[in-house]
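>>> pasted the sequence and its predicted model underneath.
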Amino acid sequence: MKVTKAQAQANRAHVVETASMLFRERGYDGVGVADLMAAAGFTHGGFYKQFRSKADLVAESAACGIAQTAALTAGVETSEFVRLYLSREHRDTRAIGCTMAALGGDAARQPEAVRATFAAGIESLLAALSREGLPLDGANSSQARAKSLDILARAVGAIVLSRACPDDSPLADEILEVCREEILASLRLAGSPSATARVPVRKRRTG
């Protein structure tokens, strides 16, 4: 039976989403094309009907994962983002967690197209955080961007360090707790309205 254009697009999207999760879980070098296609429910040969190379899929899957995180960040107060991001739940769920934290180190060794995707993703997350942090009007726009960049870099770094520890290590939890409280304290010091509002933490995926 001939596959329709709509079905082909749906199949491609499914492969991209599957790859996004597997790459976050195992790293770019930890997943072969054959294993990836099997996990998505397709044959190895079907890969090259959809993608020119694994590098193309890496870039597309990175964009998919980063877009999920950006979508969850948009409209969320900065303080809530920090609590959700620097949580044990996020730390323990690589496959559905932030692509930046899971694959940032791997991306540094990937082709320029992949690194460009990560750079664009960082910009989208900075924009989302800035909208919820310091005011963006006039002279405060550069201040808001700097603050958002500081928060994002510290949060991503904390997740990376925590995951580098054994799962049951007290240090893994200490890293998350200390960094979470330090970032929240810096938000309060900066007088960010989003830091003073205590919003109940809801369980949500950080894609």
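Cool, got the structure.

>>> only C-alpha atoms for contact and neighbour calcs from this point on.
OK.

>>> residue 34 against residue 44, yeah?
Yes: with contact defined as Cα atoms under 8 Å, residue 34 counts as touching residue 44 (5.0 Å).

>>> in which helix or strand does the closest residue to residue 87 other than its chain neighbours reside?
The shortest distance from residue 87 to any residue that is not its chain neighbour, by Cα to Cα, 6 or more residues apart in numbering, is 6.6 Å, and that residue is residue 176. When secondary structure is defined using DSSP states H and E, the element that contains residue 176 is helix 170-190.

>>> CA atoms of that helix as CSV?
Output in CSV follows, covering the C-alpha atoms of helix 170-190 (Å, rounded to 0.1, in the frame of the first residue of the first chain):
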residue,chain,number,x,y,z
PRO,A,170,23.7,13.0,48.6
LEU,A,171,25.8,15.3,46.5
ALA,A,172,23.5,15.0,43.6
ASP,A,173,20.6,16.4,45.6
GLU,A,174,22.8,19.0,47.3
ILE,A,175,23.8,20.5,44.0
LEU,A,176,20.2,20.9,42.9
GLU,A,177,19.1,22.3,46.3
VAL,A,178,22.0,24.8,46.6
CYS,A,179,21.8,26.1,43.1
ARG,A,180,18.0,26.3,43.2
GLU,A,181,18.0,28.4,46.4
GLU,A,182,20.9,30.6,45.2
ILE,A,183,19.2,31.4,41.9
LEU,A,184,15.9,32.2,43.7
ALA,A,185,17.7,34.4,46.2
SER,A,186,19.3,36.3,43.3
LEU,A,187,15.9,36.8,41.8
ARG,A,188,14.6,38.2,45.0
LEU,A,189,17.6,40.5,45.3
ALA,A,190,17.0,41.8,41.8
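
>>> avg pLDDT for it?
Confidence over helix 170-190, taken as the mean pLDDT, stands at 94.

>>> list the helices and strands that helix packs on?
On a contact count with 3 or more Cα pairs under 8 Å, 6 or more residues apart in numbering; DSSP states H and E, helix 170-190 meets helix 78-85, helix 140-164, helix 193-196.

>>> okay, those, which one's buried deepest?
Burial among those, expressed as mean neighbours by mean count of other Cα atoms under 10 Å, is greatest for helix 78-85, which shows a mean of 23.

>>> what's the angle from that one to helix 170-190?
Using axes from the mean of the first three to the mean of the last three Cα atoms, to 10 degrees, the inter-axis angle of helix 78-85 relative to helix 170-190 is 180 degrees.

>>> now for helix 78-85, which elements pack on it?
Contacts defined by 3+ Cα pairs under 8 Å, 6+ apart place helix 78-85 against helix 170-190, helix 193-196.

>>> gap between the helix holding residue 176 and the chain center?
Shown here is helix 170-190, whose average C-alpha point lies 19 Å from the average C-alpha point of the whole chain (Cα atoms, centre = their mean, to the nearest Å).

>>> next one, pLDDT for the residue most central in space within the chain please.
Of all residues in the chain, the one closest to the mean position by Cα atoms, centre = their mean is residue 98, 2.4 Å from it. What the model reports as pLDDT for residue 98 is 95.

>>> next one: phi and psi at it?
phi -70, psi 130 (degrees, to the nearest 10).

>>> that one touches residue 67, doesn't it?
No: applying Cα under 8 Å as the test, residue 98 and residue 67 come out as separate, 9.8 Å apart.
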